[in-house]
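>>> What follows is a predicted structure for the sequence shown.
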Amino acid sequence: ETDLVQELTRVAAISETTSRTSAYRALLDTALAAHDTPAIDSIFQHLGHESVPLIVSRALLSRAILSLRAFPEAARERLCAAALDVLTPRAVSFEEQLTLLHTTQAALFEAQSRWTDAARAL
């Protein structure tokens with residue numbers, strides 16, 4: 001994970017937005033393809049930080065959240081909760097991403113017949 005943190009720091013230092021976004025996307029896609037939940041959690045933490053431009057973080061977070069549907073239930077539940085912890089304090093900046101997270105989490109709870117939790121997620 002320290003290699004990932006170093007790589008995220010390296011990518012954050014790229015001045016050109018398109019190159020930085022592409023580098024973030026490559027890291028995210030690698031983690032998503034491997035279902036590497038600790039790496040995805042680290043990427044969520046990084047992208048949710050104020051130092052990452054919103055135009056970059058919003059698009060990548062939306063992409064990641066939509067990709068969570070392919071994950072096993074336990075991993076999806078863990079990652080949704082982790083992402084909510086990161087993004088909720090900045091709710092005004094991440095309204096669309098939070099809506100995606102809440103609906104993903106609610107669908108997960110409904111599939112588990114956890115009706116109260118599903119309603120609470122929405």
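Everything's here; your move.
>>> and Tyr24, what is it in contact with?
Val11, Ile43, Leu47, Val56, Leu60 (Cβ atoms under 8 Å, 6 or more residues apart in numbering). Just so you know, the C-beta spots here come from the backbone N, C-alpha and C atoms, and that holds for glycine as well.
>>> Model confidence at it, what's the number?
Note on Tyr24: pLDDT of 96.
>>> rewinding a little: which among the contacts of Tyr24 gets closest to Ala119?
Using Cβ to Cβ, Leu47 comes nearest to Ala119 of these, at 28.4 Å.
>>> For the closest residue to the closest one other than its chain neighbours, give me its contacts.
Ranked by Cβ to Cβ, 6 or more residues apart in numbering and with sequence neighbours excluded, the top spatial neighbour of Leu47 is Ser57, at 4.3 Å. Taking Cβ under 8 Å, 6+ apart, we find Ser57 in contact with Leu47, Gly48, Phe94.
>>> Cross the contacts of Tyr24 against helices and list the overlap.
Counting by DSSP state H, the contacts of Tyr24 place Val11, Ile43, Leu47, Val56, Leu60 in helices.
>>> Just give the number of residues close to the first one.
Neighbourhood size, Val11 [other Cβ atoms under 10 Å]: 20.
>>> Please name the residues that touch it.
Neighbours of Val11 in contact, by Cβ under 8 Å, 6+ apart: Arg20, Ala23, Tyr24, Leu27.
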